[in-house]
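>>> Quick check, what structure comes out for this input:
(4 chains)
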2 protein chains.
Amino acid sequence: MTEQRGPDRGSTGDPEGGGPGEPAHGRAAGRGADRGRVVPEATVARLAVYLRVVTVLGGQGAATVSSDELAAAAGVNPAKLRKDLSFLGSYGTRGVGYDVHLLVEEISRVLGVTRHRNVVLVGVGNLGRALAGYGGFASQGFTIAALFDADSARVGEKINGLAVQDMSVLAASCRTAKVTIGMIATPAEAGQQVCDQLIAAGVTCILNFAPIVLSVPDGVDVRKVDLAGELQILSFHERRKSAGLEEVG
Amino acid sequence: MTEQRGPDRGSTGDPEGGGPGEPAHGRAAGRGADRGRVVPEATVARLAVYLRVVTVLGGQGAATVSSDELAAAAGVNPAKLRKDLSFLGSYGTRGVGYDVHLLVEEISRVLGVTRHRNVVLVGVGNLGRALAGYGGFASQGFTIAALFDADSARVGEKINGLAVQDMSVLAASCRTAKVTIGMIATPAEAGQQVCDQLIAAGVTCILNFAPIVLSVPDGVDVRKVDLAGELQILSFHERRKSAGLEEVG
DNA sequence: AACGGCTTGTGAAGACTTGCACAAAGTCGG
DNA sequence: CCGACTTTGTGCAAGTCTTCACAAGCCGTT
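Numbering: from 1, shown residues only, chains lettered A, B, ... in the order given. The predicted model follows:
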């Protein structure tokens, strides 16, 4: 069992396996367009931001964009942006900037979102229902192909035109639709079991909204969205700002 | 305007201000219980996880817990956990472990969640509605004190017993309830304007669900939850695993 | 064709984070 | 009271990430 890949940092997720010097990803050395480079985890997380920003710029009719402009729009340091993009290859033109359309294509390619991807969602409670109806997934190339819930009272219910299915057909459904990404929006108690079922169904990437730490075998990536945790982190900063005005002892 | 503090890393968020060597937080040197230390951003993010895990352990009746057990439950390296906890002070007993109850208290104190905190939520669309009804906030000490929406058709609607209010009363409401944490769950277009209004109302910490990069003045912390972005990161890893089986050129 | 201006791509330095390994310190049985 | 055992707290080394600064390269003008 490896530890999960948290959203806060991009650890190797293999604390007992290889040494700390091992790069985060198997090196795809020599594969032309990737320039034989390994893309750092921190860069991958930012590529998603760049993709969104540059897509908007493209929609506004911009043909090229400089690293300074793009960095400002993405809220990062220009040098960092250039280095991030350099991992994809040399797609900028010195003296001019980056071709907006080309950049969208290349980032999409590296992120693997050139085609729509199917995902499944398990747990259609309060949060799951919102995720099922969230328009932001479709606009970024993700289609929720199936919904599942362990509660038989919810099975059959239609959400956003998609019927909630019983957990018993999860494996078959995932394999048919070739789904490799699953989202868990169940209560904490059910999270690990659902996770195991997803993996048994062939899912290798999991986005976890349940407030638990999932155990997964090697080769499975987990990212966690911890809503209350985010507030706690903000709370820390808030407390820091008010510098000891409360609970001095 | 500083860049925002993203969920992926804990940057200083002040690229033009002080030098890069400046620690992330003003040092509260000499304040007894804090041992004069600065808590690294990466540690803060993990404290939220530890708090949840150790709370569960406490509920199961455990009196003490060793760093190995706690680290396994939190999915991190034991040495990292011990170093993280050492920033709070020496609250473990060598040869025994950590007192569960004391640990809950100390982590809560550092995170500033010893008392309930009020937060406001702007935008009660699909996602906002789910957040308003999400039980995970209350269980971690956060109360959604007020809901707001720019759409007058939604104003007055009751969600989870709380009425949606008009944006015009946001400032007054925030000041009355002493709210310093705001959540933005609006469409992208409205995000920046809502952000500005929240800051004008005295909010200094923002949790942003809108898919945009917010510009905020110094002293305001922003964390972003990018749902589609998370899927894109997973998509990258998925593509990496299937190693060039698609689009070789 | 050469020049000046602008912007990318990257080497190098520095800051931050991680994880090992072990000294320090406490408990428990005798 | 002592010695063996357990576990914390941390110095240190290694790795990752960020940022600066500048050489390399492209475009338009002369």
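>>> Only C-alpha atoms from now on, for both contacts and neighbour counts.
Fine.
>>> Residue A:122 - nearest residue in space that isn't next to it in sequence?
residue A:148 (4.7 Å; CA to CA, 6 or more residues apart in numbering or on different chains).
>>> doesn't the one you found fall inside a strand?
Yes. Looking at residue A:148 with DSSP: H, G, I helix; E, B strand; the rest coil, it is inside a strand.
>>> Now do the same contact list for it.
A:120-124, A:155, A:164-167, A:170 (CA atoms under 8 Å, 6 or more residues apart in numbering or on different chains).
>>> So in terms of bridging, what pairs with it?
Bridge pairing for residue A:148 (DSSP bridges) gives the partners residue A:122, residue A:165.
>>> Which positions within stretch A:143-152 qualify as buried?
A:143-150 (16 or more other CA atoms under 10 Å in any protein chain shown).
>>> With stretch A:131-140 instead?
Residues of stretch A:131-140 classed as buried by neighbour count (16+ other CA under 10 Å): A:131-134, A:136-137, A:140.
>>> can you check stretch A:39-46 too?
Under 16+ other CA under 10 Å, the buried positions of stretch A:39-46 are A:39, A:41, A:43-46.
>>> so, in contact with DNA strand D or not, it?
Yes. Against DNA strand D, stretch A:39-46 shows contacts by CA under 7 Å from any atom of the strand at A:40-43.
>>> Let's have the residues you listed in TSV, adding pLDDT, secondary structure and distance to residue A:68.
Output for the residues of stretch A:39-46 next to DNA strand D, formatted as TSV (pLDDT from 0 to 100; DSSP: H, G, I helix; E, B strand; the rest coil; distance: CA to CA, whole Å):
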residue	pLDDT	secondary structure	distance to residue A:68
A:40	97	coil	21
A:41	96	helix	22
A:42	97	helix	20
A:43	98	helix	17
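>>> State whether residue A:219 is indeed within a strand.
No. Residue A:219 is assigned coil when assessed by three-state DSSP, not a strand.
>>> per-residue confidence at it?
You'll see residue A:219 listed with a pLDDT of 94.
>>> isn't it right up against residue A:202?
No. Between residue A:219 and residue A:202 there is no contact under CA atoms under 8 Å: 11.3 Å.
>>> Between these two, which is the more surrounded one?
The residue with more neighbours, out of residue A:219 and residue A:202, is residue A:202; 18 against 15, by other CA atoms under 10 Å in any protein chain shown.
>>> which SS state does that one fall under?
What three-state DSSP gives for residue A:202 is coil.
>>> out of everything not next to it in sequence, what's closest to it?
In space, residue A:202 is closest to residue A:180, 6.4 Å off (CA to CA, 6+ apart).
>>> quick revisit: output those of the buried residues of stretch A:131-140 also counted as contacts of DNA strand C.
The subset of the buried residues of stretch A:131-140 within reach of DNA strand C, counting by CA under 7 Å from any atom of the strand, is empty.
>>> and which of these is nearest chain B?
residue A:137 (5.3 Å; CA to the nearest CA).
>>> Tell me who's in contact with residue A:157.
So residue A:157 contacts A:163-164 (CA under 8 Å, 6+ apart).
>>> quick one, helices of chain A?
A:41-59, A:67-74, A:78-86, A:100-111, A:126-133, A:135-139, A:170-176, A:188-200, A:227-241 (DSSP state H).
>>> now these in JSON lines, with distance to residue B:102?
Formatted as JSON lines, those follow (distance: least, CA to CA, whole Å):
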{"stretch": "helix A:41-59", "distance to residue B:102": "35"}
{"stretch": "helix A:67-74", "distance to residue B:102": "42"}
{"stretch": "helix A:78-86", "distance to residue B:102": "42"}
{"stretch": "helix A:100-111", "distance to residue B:102": "44"}
{"stretch": "helix A:126-133", "distance to residue B:102": "32"}
{"stretch": "helix A:135-139", "distance to residue B:102": "42"}
{"stretch": "helix A:170-176", "distance to residue B:102": "43"}
{"stretch": "helix A:188-200", "distance to residue B:102": "24"}
{"stretch": "helix A:227-241", "distance to residue B:102": "18"}
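>>> rewinding a little: which one of the residues of stretch A:39-46 next to DNA strand D sits closest to chain B?
Taking CA to the nearest CA as the measure, residue A:42 is the one of the residues of stretch A:39-46 next to DNA strand D closest to chain B, at 7.1 Å.
>>> which parts of chain A sit against DNA strand C?
Counting by CA under 7 Å from any atom of the strand, chain A sits next to DNA strand C at A:9, A:11, A:15-16, A:20, A:65-68, A:79, A:82-83, A:85-87, A:89-98.
>>> coming back round to it: the buried residues of stretch A:39-46: which ones sit near chain B?
A:44-45 (CA under 8 Å from any CA of the partner chain).
>>> quick one: low-confidence parts of chain A?
Under the criterion pLDDT under 70, the flagged ranges of chain A are A:1-36, A:243-249.
>>> Now with 80, please.
Along chain A, the model assigns pLDDT under 80 to residues A:1-37, A:243-249.
>>> Domain-wise, how is it divided?
Per the record, chain A has its domains at A:32-111, A:117-230, by automatic domain parsing.
>>> what's the span of the longest one from first residue to last?
Translated: domain A:117-230. With CA to CA, to the nearest Å as the measure, domain A:117-230 spans 28 Å from end to end.
>>> what does stretch A:193-213 give?
12 Å.
>>> Check stretch A:218-231 too.
Note: stretch A:218-231 ends 31 Å apart using CA to CA.
>>> near DNA strand D at all, that stretch?
No. Using CA under 7 Å from any atom of the strand, stretch A:218-231 stays clear of DNA strand D, coming no nearer than 15.0 Å.
>>> residues of that stretch that come out buried?
Neighbour-count burial for stretch A:218-231 [16+ other CA under 10 Å]: A:220-231.
>>> Isn't residue A:164 up against residue A:155?
Yes. Here residue A:164 reaches residue A:155: they are 4.9 Å apart, a contact under CA under 8 Å.
>>> of the two, who's got more company?
When neighbours are counted by other CA under 10 Å, residue A:164 and residue A:155 differ, and residue A:164 comes out ahead with 24 against 17.
>>> if we can go back for a sec, tell me the most packed of the contacts of residue A:148, by neighbour count.
Going by other CA under 10 Å, residue A:123 tops these with 29 neighbours.
>>> Residue A:127 and residue A:210, how far apart?
10 Å.
>>> er, residue A:60 actually
From residue A:60 to residue A:210 the distance is 38 Å (CA to CA).
>>> again with residue A:143
Remark: distance between residue A:143 and residue A:210 (CA to CA) = 21 Å.
>>> now residue A:239
From residue A:239 to residue A:210 the distance is 26 Å (CA to CA).
>>> In terms of packing, which of these two has more residues around it?
residue A:210 (24 against 18).
>>> Report the contact partners of that one.
With CA under 8 Å, 6+ apart, residue A:210 has these contacts: A:184-188, A:191, A:224-226.
>>> Which of these sits closest to residue A:75?
Relative to residue A:75, the closest of the contacts of residue A:210 is residue A:225; by CA to CA it sits at 21.4 Å.
>>> Near the nearest residue to the closest one once chain neighbours are set aside, how many other residues are there?
Nearest residue to residue A:225 in three dimensions, chain neighbours excluded: residue A:209, at 5.1 Å (CA to CA, 6+ apart). Around residue A:209 there are 21 other residues, counting by other CA under 10 Å.
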